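>>> Fold the following and give me the result.
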Amino acid sequence: MKGENEMKVLLYFEGQHMIRRSGIGHAMRHQMAALDSQGIEWTLNEKDDYDILHLNTVGIASEMIAKKARREGKKILVHAHSTQEDFRNSFLLSNQVSALFKKRLMHVYQLGDRIVTPTPYSKRLLEEYGITIPIDAVSNGVDLERFARDERKIAAYRDHFHLEGKKSVICVGLPFERKGIFDFIEVARQLPEVTFIWFGKVPLYTVPAKIRRIVKGAHPPNVIFPGYVEGDVLEGAYAGADAFFFPSKEETEGIVVLEALAASQQIIVRDIPVFSDWLTHGVNCWKGKDTDEFRALVSAAVNHKLKDIRAGALQCAQERSIEAVGRSLRRVYEKLYE
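Numbering: from 1, shown residues only. Below you'll find the model as predicted:
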């Protein structure tokens, strides 16, 4: 392998402007910061000279640059952010084309010398697909400083939504059925004294009609859909809400969960396989299986009747800091040359 100071990585993201607000967009920023933390030189410009292609997207341009890198003898790391499972129940017609989407993923993922994916769960899924290329599980990471509890940001959140004297519960994510939006709405319906806020926006023409109806107004009066929000209001919401309720049915990791952990929040998630390896009920989160369990947990959280697990939540986030991700990526890059 080249000397450490000579290694240069091309972080390739197709359609950078389009993905800026997505989970992959967050991953891009985290990778840049992670490599900076380790003194690893990187570029986003495919015309630059580089040693390792770190491929993050699966479009035609991504396939072409992978093939070009292969011809030039570059090492290729493919970052598997998506699976067939987390594509289903998202966009309009996603279920109908999910088999084709899986086929595309497998084709692009196998262009690499190694694959990295966010969790042991998503690694297992890829192996079940029949992929035999070596796979490493590396978290997307979280900016601990950005999401640390900050009273000024909490005040900005509470002022923005006029929450003085009110209890609030938040979720962050695209308004998809997969994300558990129907459970979120049902729990809100059963707890009318609590304000429920769902942060996240998607062009409504891209989602099924039943999702459009909910976002446009077919929801209880104690539910707010503010759309895409960033900065102090969102960061303050993570720590300033009484609970973070994330009833998603499928994830490869869930960057927003990491952000809530970093905010030392009471976190309520669905008990699904992706969380089994790193989230523990009653230690760093609370897990439910259905709306009855979710309602009970949310009610207990907003009334401060749950055990305080904030220290466990923060420790879990600290283990997935940007610096920790940088160290893990360095080890993966080194494996490419073994």
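
>>> per-residue confidence for H26?
With respect to pLDDT, H26 has a value of 82.

>>> contacting residues around it?
Counting by C-beta atoms under 8 Å, 6 or more residues apart in numbering, H26 touches N140, I255. C-beta here means a position set from N, CA and C on the backbone, and glycine is covered the same way.

>>> run the last query once more with 10 Å
Counting by C-beta atoms under 10 Å, 6 or more residues apart in numbering, H26 touches I19, R20, N140, G141, V142, D143, I255, V256, L258, E259.

>>> quick one: which of the residues you listed sit in helices?
Among the contacts of H26, DSSP state H puts I255, V256, L258, E259 in helices.

>>> who touches the nearest residue to V274 once chain neighbours are set aside in this structure?
Using C-beta to C-beta, 6 or more residues apart in numbering and skipping the chain neighbours, the partner closest in space to V274 is Y121 (4.3 Å). Y121 makes contact with 83, 85, 137, 250-253, 272-278, according to C-beta under 10 Å, 6+ apart.

>>> tell me which element Y121 falls in.
Following DSSP states H and E, one finds Y121 within helix 120-129.

>>> these two touch, right, H304 and Q266?
Yes. With contact defined as C-beta atoms under 10 Å, H304 and Q266 form a contacting pair (8.9 Å).

>>> Name the residues contacting each of the two.
Counting by C-beta under 10 Å, 6+ apart, the shared contacts of H304 and Q266 are D242.

>>> Between these two, which is the more surrounded one?
Between H304 and Q266, counting by other C-beta atoms under 10 Å, Q266 is the more crowded of the two (25 against 10).

>>> Just the buried positions in the helix or strand of the chain with the lowest mean pLDDT, please.
In the chain, no helix or strand scores lower on mean pLDDT, DSSP states H and E than helix 23-37, which sits at a mean of 90. Residues of helix 23-37 classed as buried by neighbour count (16 or more other C-beta atoms under 10 Å): G23, I24, G25, H26, A27, M28, H30, Q31, A34, L35, S37.

>>> Please name the spatially closest residue to the fifth one (chain neighbours excluded).
What it means is A27. N140 (5.0 Å).

>>> distance of the one you found from A324?
The gap separating N140 from A324 is 11 Å, by C-beta to C-beta, to the nearest Å.

>>> which residues are common contacts for the two?
Listed as contacting both N140 and A324 by C-beta under 10 Å, 6+ apart are A34.

>>> among the contacts of H26, which ones are buried?
Listed as buried from these are I19, N140, G141, V142, D143, I255, V256, L258, E259; burial here means 16+ other C-beta under 10 Å.

>>> In TSV, list those residues along with pLDDT and distance to V187.
Below are the buried ones among the contacts of H26 laid out as TSV (pLDDT from 0 to 100; distance: C-beta to C-beta, whole Å):
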residue	pLDDT	distance to V187
I19	62	30
N140	95	27
G141	97	30
V142	97	26
D143	96	29
I255	94	23
V256	96	17
L258	98	23
E259	97	21
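
>>> From those residues, pick the one nearest Y333.
When those are compared for distance to Y333 (C-beta to C-beta), G141 comes out closest, at 15.7 Å.

>>> My read is that the closest one contacts L261, right?
No. Using C-beta under 10 Å, G141 makes no contact with L261, being 11.5 Å away.
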